[in-house]
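[1] This is a predicted model, with the sequence first.
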Amino acid sequence: MAVIYDRVALIGLGLIASSMAHAMKKWGLAGSIAGYAKTEATREAALELGFCDEVFATAGDAVKNADLVILAVPVGVMGAVAAEIRPHLKPGATVTDVGSVKQAVVEAVGPHVPDGVDFVPGHPLAGTEHSGPRSGFATLFQNRFTLLTPGDARPEAVARLRALWEGMGALVEEMEADHHDLVLAVTSHTPHLIAYTMVGVADHLRRVTESEVIKYSAAGFRDFTRIAASDPTMWRDVFLTNKEATLDILGRFTEELFALQRAIRMGDGDELFNYFTRTRAIRRGIIEAGQDTAAPDFGRTKADGP
Ligand SMILES: NC(=O)c1ccc[n+]([C@@H]2O[C@H](COP(=O)([O-])OP(=O)(O)OC[C@H]3O[C@@H](n4cnc5c(N)ncnc54)[C@H](O)[C@@H]3O)[C@@H](O)[C@H]2O)c1
Ligand SMILES: O=C(O)C(=O)C[C@]1(C(=O)O)C=C[C@@H](O)C=C1
């Protein structure tokens, strides 16, 4: 594949940044990759694993001469990092981010982006419960959506960033930042909060059941524990910055939960059966519409082989 940006700078070298770097290298999408991380251990890991060509001890030095700057730090520090790199940005460069929340990032980063530099916020809908420079892998974004919320960025800058994501195997869509935050509150943020809570409940109970909760946990609960092992800093920032949408969805969730709680207490089997039938149809609808992008064969055609 052709080089899309001659020089890319990654600010923060954790799961998402290292995965992007591995992908850019694998598919030849960047001429060179510069990286900035706070700790020397992370910078050394990036060189040792070979996903950065150069590393810098300040964000300002890393972005000099970069055609694309990718902010891959927790949402709560995006604004501070943007302020730090501002004087060092190359005219004509594009700044993007990978934060899980978009409106707060637009508000925090936007004012620090100088004239002549495009800001195209982004969010790959792909991740794992792991973090740090050693957790990344090139295929993380394959057949997964990346959402861009370009606002008033120049169309050429948006098209180029789209080409980069597509080069890494992602399916790219554009939307407004506030709409993104509402959708993600439903599909990602509130489910994470529920997983954190459920594992917390089990942990409290463990003291009563002497480890049996963990020992005998079935598949559903194990999935919750994987999600609840996600990075505490990242998720603290998500909830602090996507407050309104998450509270809205949590309110709706609580209402539904109370309705099911009542059905259980009243022995209302029809209510439970009908509810579960509706939710099963939703899952089956996703699969039938071919929209299960996490499925291993999503997007494959017969030409792709077995
Ligand atoms: N993990 C996921 O599943 C996932 C998926 C999509 C998007 N995101 C978003 O991507 C971003 C990065 O997440 P990640 O999973 O790669 O996290 P990570 O913890 O693996 O990496 C974050 C990096 O940012 C660095 N950092 C933290 N504070 C900093 C500061 N003040 N200045 C400079 N560097 C700082 C950390 O040292 C670390 O290297 C977050 O905004 C997150 O919301 C995460
Ligand atoms: O698979 C996981 O570990 C994830 O939760 C990844 C996940 C999500 O799908 O909710 C988490 C946060 C992101 O912003 C994007 C992706």
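    Great, that's in hand. All of these numbers come straight from a predicted model, not from anything done at the bench. Ligands and ions are numbered 1, 2, ... in the order given.
[2] any idea how far residue 146 is from the nearest residue to residue 71 once chain neighbours are set aside?
    Using Cβ to Cβ, 6 or more residues apart in numbering and skipping residues adjacent in sequence, the residue nearest residue 71 is residue 97, 3.9 Å away. Every C-beta, even on glycine, is put in place using the N, C-alpha and C of the backbone. According to Cβ to Cβ, to the nearest Å, residue 97 stands 12 Å off from residue 146.
[3] Equivalent analysis for residue 34, please.
    22 Å.
[4] Tell me, how many residues neighbour residue 226?
    A count of nearby residues for residue 226, using other Cβ atoms under 10 Å, gives 13.
[5] Residue 1 too?
    Neighbour number of residue 1 under other Cβ under 10 Å is 12.
[6] for residue 229, same thing?
    With other Cβ under 10 Å as criterion, residue 229 counts 15.
[7] Equivalent analysis for residue 97, please.
    28.
[8] cool, residue 147 as well?
    Residue 147 is flanked by 22 other residues according to other Cβ under 10 Å.
[9] Tell me which helix or strand it sits in.
    strand 145-148 (DSSP states H and E).
[10] What lies in contact with the lowest-mean-pLDDT helix or strand in the chain?
    The helix or strand of the chain with the lowest confidence, counting by mean pLDDT, DSSP states H and E, is helix 212-215 at a mean of 73. Helix 212-215 has contacts (Cβ atoms under 8 Å, 6 or more residues apart in numbering) with 202, 203, 205, 206.
[11] The same query, at a cut-off of 10 Å, please.
    199, 201, 202, 203, 204, 205, 206, 207, 209, 221, 222, 225 (Cβ atoms under 10 Å, 6 or more residues apart in numbering).
[12] Kindly report the same for stretch 106-113.
    Contacting residues not belonging to stretch 106-113 are listed as 69, 71, 75-87, 89, 93-97, 99, 101, 119, 121, 149, 151-153, 176-178, 180, 241 [Cβ under 10 Å, 6+ apart].
[13] Which of these fall within helices?
    In helices, defined here by DSSP state H, the members of those are 78, 79, 80, 81, 82, 83, 84, 85, 177, 178, 180, 241.
[14] Taking those, tell me the two that lie furthest apart.
    Distance extremes for the ones in helices among the contacts of stretch 106-113: the farthest pair is 84 and 178 at 26.6 Å, using Cβ to Cβ.
[15] check contacts around residue 37.
    Applying Cβ under 10 Å, 6+ apart, the residues near residue 37 are 10-14, 17, 43-46, 52, 55-57, 59, 62, 72-73, 132-133.
[16] Can you flag the buried ones in the residues you listed?
    The neighbour count (16 or more other Cβ atoms under 10 Å) marks 10-14, 17, 43, 45-46, 52, 55-56, 59, 62, 72-73, 133 as buried among the contacts of residue 37.
[17] re the thing from before, pick the one among the ones in helices among the contacts of stretch 106-113 closest to residue 280.
    The closest of these to residue 280 turns out to be residue 180 (Cβ to Cβ; 27.7 Å).
[18] Burial check on that closest one, number of neighbours?
    25.
[19] Pull out the CA atoms of stretch 254-266 and give them to me as CSV.
    C-alpha atoms of stretch 254-266 as CSV (Å, rounded to 0.1, in the frame of the first residue of the first chain):
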residue,chain,number,x,y,z
THR,A,254,-32.4,1.7,35.7
GLU,A,255,-36.1,2.0,34.7
GLU,A,256,-35.9,-1.2,32.6
LEU,A,257,-34.1,-3.0,35.4
PHE,A,258,-36.8,-2.1,37.9
ALA,A,259,-39.5,-3.3,35.5
LEU,A,260,-37.7,-6.7,35.2
GLN,A,261,-37.1,-6.8,39.0
ARG,A,262,-40.9,-6.2,39.5
ALA,A,263,-41.7,-9.0,36.9
ILE,A,264,-39.5,-11.4,38.8
ARG,A,265,-41.0,-10.5,42.2
MET,A,266,-44.6,-10.8,40.7
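[20] Other residues contacting it?
    Under Cβ under 10 Å, 6+ apart, the answer for stretch 254-266 is 194, 250, 268, 269, 270, 271, 272, 273, 274, 275, 276.
[21] can I see the domain layout of this structure?
    Annotated domains of the chain cover 5-175, 179-293 [automatic domain parsing].
[22] is the top helix by length along the chain anywhere near ligand 2?
    The longest helix of the chain (DSSP H) is helix 243-266. No. Helix 243-266 lies out of reach of ligand 2 by Cβ under 6 Å from any ligand atom, never closer than 12.8 Å.
[23] Alright, I will stop here.
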